[in-house]
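Novice: task: produce atomic coordinates for the following.
(one chain, ligands or ions: 3)
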Amino acid sequence: MTQPKKLFIKTYGCQMNVYDSERMAEALGGQGYVETPTADDADMILLNTCHIREKAAEKVYSELGRYKRLKADKPDLKIGVAGCVAQAEGREIMRRQPMVDLVVGPQSYHRLPELEARTRAGEKALDTDFPEEDKFEALKNRPKAKRGPTAFLTVQEGCDKFCAFCVVPYTRGVEVSRPPARILEEARNLVDRGVRDITLLGQNVNAYHGAGERGDWSLAQLIWALNDVDGLERIRFTTSHPNDMTDDLIEAHGTCPKLMPYLHLPVQSGSDRILKRMNRQHTAESYLAIIDRLRAVRPDILLSGDFIVGFPEETEADFQATLDLIRTARYGYAYSFKYSTRPGTPAAERDQLPEDVKDDRLQRLQALITEQQKAAQDAMVGQEIGVLFEKPGRLPGQMVGKSDHLHAVHVQGDDIQAGDLRPVRIVESVRNSLKGELIE
Ligand code: SAH
Ligand code: SF4
Ligand code: F3S
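Specialist: Ligands and ions are numbered 1, 2, ... in the order given. Next comes the predicted model:
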């Protein structure tokens, strides 16, 4: 028997890249590759990259630098760059980094087997097309191997919104939804393999409109169909845009039993002037109105958000409006970033704010978020909630899982298995996690 070849994939960026990396490993599995956790013994290294901020994109080049020596020792080693940097700068990478053998974009990675074969024949392979065919169908050969209790499932991809700061519409392409029948089939396969918690993914997941037998389905319709999948216990979705928070989706948060009380709803800024300059097409008030409606149907829903500070022309007053919005919205988590100029996006051409102003605002915003995060965690103490256990904790006999609200929860219990969903009473809130006890 021939030795399997070893594949090392390093994933950057968003959850969709995590999902894509799994699909790439499956595609190359057909070529005799098995995954390895280190680059050192790999026959192929794939970097699945992110272009969202300058720092994210730079990581690719520094990581490639580290592989120079590996490649010198092992000339047969193939090095590939996938993901959003590949899409945006693929040709330049090939030119600047002669050791790169393969470049593949987010919409063409189902062609990896052919591309890999070309590199084995000594050629360079580059594919950053946006092909007509459905890559998910091309990759349909679903594995049967057991896997952990949580999974991502891409249902929608791409974006037509063109926020003035963002590269995603250029790297991922136009908004496309997968048909519900194929999503349900993939979900059932995951459940058969041990998955109990699925997070539906899309750059604009709530703009989902997949073609079903009797017309297009909304995301809420898809969630209700998944609610009927036996063995699936929890459903989440990310990332949503405020303008696509439809009535049926808000209502599902109050009525759909498996839909978890958690929503990631980025707003970016609390200043209407800046929101307009960002081309977000909503106001702070319309965003807060959505939150009010969500809390009316599901009072314990935990919200998370994304914020950009130091967008061009942002004044101290604009920034204060963002802090005000955060105080009103009350988040359980939030991700915040200094604005980063991205080549080819409209905001990159505008006058930029000094770095120290951005730093200062980021620190103040993060201090407020940390306070809110702690308050949301502390409020869980004394509550009885479901915990889906994922893996052993650091202490002997300890297991770690996620609550309905996506808090990490540590529990002692020798009889707890990964994949168990058990009722737990929260007894303590510590830094970035909760401690709980099983309710017998
Ligand atoms: N599709 C999602 C996520 C896009 S990227 C959405 O619409 O929200 C994730 C986050 O990165 C964004 O929400 C935004 O906060 C941040 N981001 C995007 N472009 C950025 C840039 N140029 N500089 C800083 N942060 C950025
Ligand atoms: Fe980027 Fe805006 Fe699209 Fe989100 S909605 S992916 S921030 S362009
Ligand atoms: Fe990054 Fe591409 Fe995701 S730019 S955030 S990996 S869609």
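
Novice: pull the CA atoms of the worst-scoring helix or strand of the chain on mean pLDDT into CSV?
Specialist: When the helices and strands of the chain are compared on mean pLDDT, DSSP states H and E, helix 135-138 comes out lowest with a mean of 84. This file holds the C-alpha atoms of helix 135-138, laid out as CSV (Å, rounded to 0.1, in the frame of the first residue of the first chain):
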residue,chain,number,x,y,z
LYS,A,135,-18.8,23.9,-5.9
PHE,A,136,-20.8,22.3,-3.0
GLU,A,137,-22.4,19.8,-5.5
ALA,A,138,-19.0,19.0,-6.9
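
Novice: and stretch 349-363 with ligand 1, contact?
Specialist: No: judged by C-beta under 6 Å from any ligand atom, stretch 349-363 stays clear of ligand 1, getting no closer than 9.8 Å. Where you see a C-beta, it was placed from the backbone N, CA and C, and this is true even at glycine.

Novice: give me the distance from that stretch to the chain's centre.
Specialist: 26 Å (C-alpha atoms, centre = their mean, to the nearest Å).

Novice: report the distance from the helix or strand following the least confident helix or strand of the chain to the chain centre.
Specialist: Sequence order places strand 150-154 as the next helix or strand after helix 135-138, per DSSP states H and E. Counting by C-alpha atoms, centre = their mean, strand 150-154 is centred 10 Å from the centre of its parent chain.

Novice: one step back: and the least confident helix or strand of the chain, what's buried?
Specialist: Buried residues in helix 135-138, counted by 16 or more other C-beta atoms under 10 Å: Lys135, Phe136, Ala138.

Novice: which of those residues sits closest to ligand 3?
Specialist: Nearest to ligand 3, judged by C-beta to the nearest ligand atom, of the buried residues of helix 135-138 is Lys135 at 14.7 Å.

Novice: OK, contacts around the residue nearest to the closest one when sequence neighbours are not counted?
Specialist: Distances taken as C-beta to C-beta, 6 or more residues apart in numbering put His110 closest to Lys135, at 4.0 Å, once the chain neighbours are dropped. Residues in contact with His110 (C-beta atoms under 8 Å, 6 or more residues apart in numbering) are Arg23, Ala27, Glu133, Lys135, Phe136, Ala138, Leu139.

Novice: the least confident helix or strand of the chain - contacts with which helices or strands?
Specialist: helix 180-192 (3 or more C-beta pairs under 8 Å, 6 or more residues apart in numbering; DSSP states H and E).

Novice: what is the orientation angle of the helix it packs on with strand 150-154?
Specialist: With axes from the mean of the first three to the mean of the last three C-alpha atoms, to 10 degrees applied, the angle from helix 180-192 to strand 150-154 works out at 160 degrees.

Novice: what are the buried residues along the top helix by length along the chain?
Specialist: Ranked by number of residues, the top helix in the chain under DSSP state H is helix 355-378. Buried residues in helix 355-378, counted by 16+ other C-beta under 10 Å: Val357, Lys358, Arg361, Leu362, Leu365, Gln366, Leu368, Ile369, Gln372, Gln373, Ala376, Gln377.

Novice: tell me how far it is from the chain's mean position?
Specialist: 22 Å.

Novice: pLDDT and distance to Gln156 added to the buried residues of helix 355-378, as CSV?
Specialist: Listed next are those as CSV, based on pLDDT from 0 to 100; distance: C-beta to C-beta, whole Å:
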residue, pLDDT, distance to Gln156
Val357, 98, 36
Lys358, 98, 32
Arg361, 98, 32
Leu362, 98, 30
Leu365, 98, 29
Gln366, 98, 30
Leu368, 98, 32
Ile369, 98, 27
Gln372, 98, 29
Gln373, 97, 28
Ala376, 97, 28
Gln377, 97, 31
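
Novice: ok, back up a step: quick one: the helix or strand following the longest helix of the chain to strand 150-154, angle?
Specialist: Along the chain past helix 355-378, the next helix or strand (assigned with DSSP H and E) turns out to be strand 384-392. Orientation check (the same axes, to 10 degrees): strand 384-392 against strand 150-154 gives 90 degrees.

Novice: tell me the helix or strand right after strand 384-392.
Specialist: With secondary structure assigned by DSSP H and E, strand 384-392 is succeeded by strand 398-403.

Novice: how many neighbours does the residue of the stretch 301-440 of the chain found nearest ligand 3 have?
Specialist: Going by C-beta to the nearest ligand atom, ligand 3 is nearest to Arg342 of the stretch 301-440 of the chain, at 9.3 Å. Arg342 has 22 neighbouring residues, counting by other C-beta atoms under 10 Å.

Novice: confidence score at it?
Specialist: Looking at Arg342, its pLDDT stands at 96.

Novice: pull the contacting residues for the residue lying closest to it once chain neighbours are set aside.
Specialist: Distance criterion C-beta to C-beta, 6+ apart; nearest residue to Arg342, sequence neighbours excluded, is Val167 at 4.8 Å. Val167 makes contacts with His51, Ile52, Cys84, Ala88, Arg342, Gly344, Thr345, as judged by C-beta under 8 Å, 6+ apart.

Novice: now Phe319
Specialist: Counting by C-beta under 8 Å, 6+ apart, Phe319 has contacts Ser271, Val309, Arg361, Arg364, Leu365.

Novice: quick one, the helix or strand harbouring it and helix 355-378 angle?
Specialist: Taking DSSP H and E as the criterion, Phe319 maps to helix 316-329. Using the same axes, to 10 degrees, the inter-axis angle of helix 316-329 relative to helix 355-378 is 10 degrees.

Novice: excluding its backbone neighbours, what's nearest Lys5?
Specialist: Distance criterion C-beta to C-beta, 6+ apart; nearest residue to Lys5, sequence neighbours excluded, is Asp43 at 4.2 Å.

Novice: so Glu233 sits against Ile198, correct?
Specialist: No: using C-beta atoms under 8 Å, Glu233 is not in contact with Ile198; the gap is 9.3 Å.

Novice: domains in this protein, as residue ranges please.
Specialist: 5-127, 135-378, 384-438 (automatic domain parsing).

Novice: returning to what we had before: show me what contacts the residue of the stretch 301-440 of the chain closest to ligand 3?
Specialist: By C-beta under 8 Å, 6+ apart, the contact set of Arg342 is His51, Ile52, Arg53, Glu54, Phe165, Cys166, Val167, Ala348.

Novice: any idea how far the second one is from ligand 2?
Specialist: Counting by C-beta to the nearest ligand atom, to the nearest Å, the gap from Ile52 to ligand 2 is 8 Å.

Novice: and that residue, what does it touch?
Specialist: Contacts of Ile52 (C-beta under 8 Å, 6+ apart): Gly13, Cys14, Cys84, Cys166, Val167, Val168, Ser340, Arg342.
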